[in-house]
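[1] need coordinates for the below:
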Amino acid sequence: MFSRPENDRRIMATWERFLSGEESSSDALRRLIDDSWRRCFDASVDPDRNRAPVPLTENFLHSLRNEHGELLTASTPVMALAREFLSETGTVMVLTDQSGTILSLEGDTAVRGAAENVHLLSGANWSELACGTNAIGTALTIGQPVQIHSAEHYCAGIKRWTCSATVIRDPYDGEILGVIDVSGLSSSYSRQSLALVVTTAGRIENRLARFEMEVRYQLLEHCMRGLTDTTVDGIIVFDRRGRPIKANERAPSVLADFDAARWDGKHIDLASLALGRAEGELPPTGLPDWIQPDWVEPVIHDGRRIGSLLTLPNRRAGTVFGKARRATERGEAAVADSFDDLIG
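    Below you'll find the predicted structure:
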């Protein structure tokens, strides 16, 4: 898990042999580094690269930060603590998105000049494809905490650096959202840096989990007020990722009718039903072909979409479904216990 700086000279010699096509096996070279070097070689990453690609322009970076606003909101107070903690350590803490593009960084201003020289800057991409073996890119590739020191880097211009990183995951589905990294010149090496990034990532994930819970409460409150228990249709509430979280008591039987009518053999059930993500008033990205877009209503709170409401027409009752009927139902008296089946 940890780098061993005392092996630097041997690792450097191994890297030179590797690039020349000679046998590069060495007990000083960790397996994860060897694997990463081979990925970089196979992807034709330039081993002579001395910095990351040119960072995004301010306009593109602004758009990217807006896209990852929730991750930044969860991370900002945590990273602010790092600003003082890292102020005299010769290191910076870096937050990236899931592609390895830097969203923000904090830390020792004394190392900022050296960081700028290698484009360790907001808007720069540090994936393995862009910069070779490095803690940010390699952590994203393998999905685990990584420490990369000095000669272990694939690209020559980054071998002066030492870095530790781990991924930040969505607390609900485990999807990788980004990376938290601590980097500095090789003289700043510390095993504790890896523990710091793991702890920091955990705190950010905890904040994200609280945010998600708040959004779910808002979503369910909105739907409880807006629906009655007298409808003959199946009603399912989906979170903003398109996953079902609540259903009324008629939903399973209505779904079973749709399932029985399928001709392609694909099974439909409540637990596996998913709509995909949706933004604003647009239909969800993964809407199944048997669901009409008109059956899906966006749930908007404070100007942002927090989920979707799916109304499945009950064929046995012979109901006609449409926006006009749905609007009528919204006007009926609300019953707070409309939903009985918790499925997520």
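[2] for residue 54, what are phi and psi?
    Reported as degrees, to the nearest 10, the phi and psi values for residue 54 are phi -60, psi 130.
[3] typo on my end, it should be residue 60
    Torsion angles, degrees, to the nearest 10, at residue 60: phi -70, psi -40.
[4] number of nearby residues for it?
    12 (other Cβ atoms under 10 Å). C-betas here are computed from N, CA, C, even on glycine.
[5] quick check: closest non-adjacent residue to it.
    Ranked by Cβ to Cβ, 6 or more residues apart in numbering and with sequence neighbours excluded, the top spatial neighbour of residue 60 is residue 123, at 7.2 Å.
[6] against residue 309, how distant is that neighbour?
    Distance from residue 123 to residue 309, counting by Cβ to Cβ, to the nearest Å: 38 Å.
[7] and if you look at residue 136?
    Distance of residue 136 to residue 309, computed by Cβ to Cβ: 39 Å.
[8] which of the two has more neighbours?
    Neighbour count, other Cβ under 10 Å: between residue 136 and residue 309, residue 136 has more, with 33 against 20.
[9] how close does the more buried one get to residue 104?
    In this view, residue 136 and residue 104 are 13 Å apart by Cβ to Cβ.
[10] what of residue 29?
    33 Å.
[11] who has more neighbours out of these two?
    Counted by other Cβ under 10 Å, residue 29 and residue 104 do not tie: residue 29 has more neighbours, with 19 against 16.
[12] residue contacts, that one?
    Shown in contact with residue 29 (Cβ atoms under 8 Å, 6 or more residues apart in numbering): 10, 11, 14.
[13] can you get me a residue count around the last one?
    Close neighbours of residue 14, defined as other Cβ under 10 Å, add up to 24.
[14] how about the first one?
    A count of neighbours around residue 10, defined by other Cβ under 10 Å, yields 15.
[15] leaving aside the residues next to it on the chain, what's closest to it?
    residue 28 (4.0 Å).
[16] let's verify the one you found: helix, strand, or coil?
    Three-state call for residue 28 (DSSP: H, G, I helix; E, B strand; the rest coil): coil.
[17] what sits against it?
    4, 7, 10, 11, 14.
[18] so in the protein, which helix runs the longest?
    helix 192-226 (DSSP state H).
[19] which strands and helices lie in contact with it?
    Other elements packing on helix 192-226 under the criterion 3 or more Cβ pairs under 8 Å, 6 or more residues apart in numbering; DSSP states H and E are helix 69-85, strand 91-97, strand 161-169, strand 176-185, strand 234-239, strand 244-247, strand 296-301, strand 304-312.
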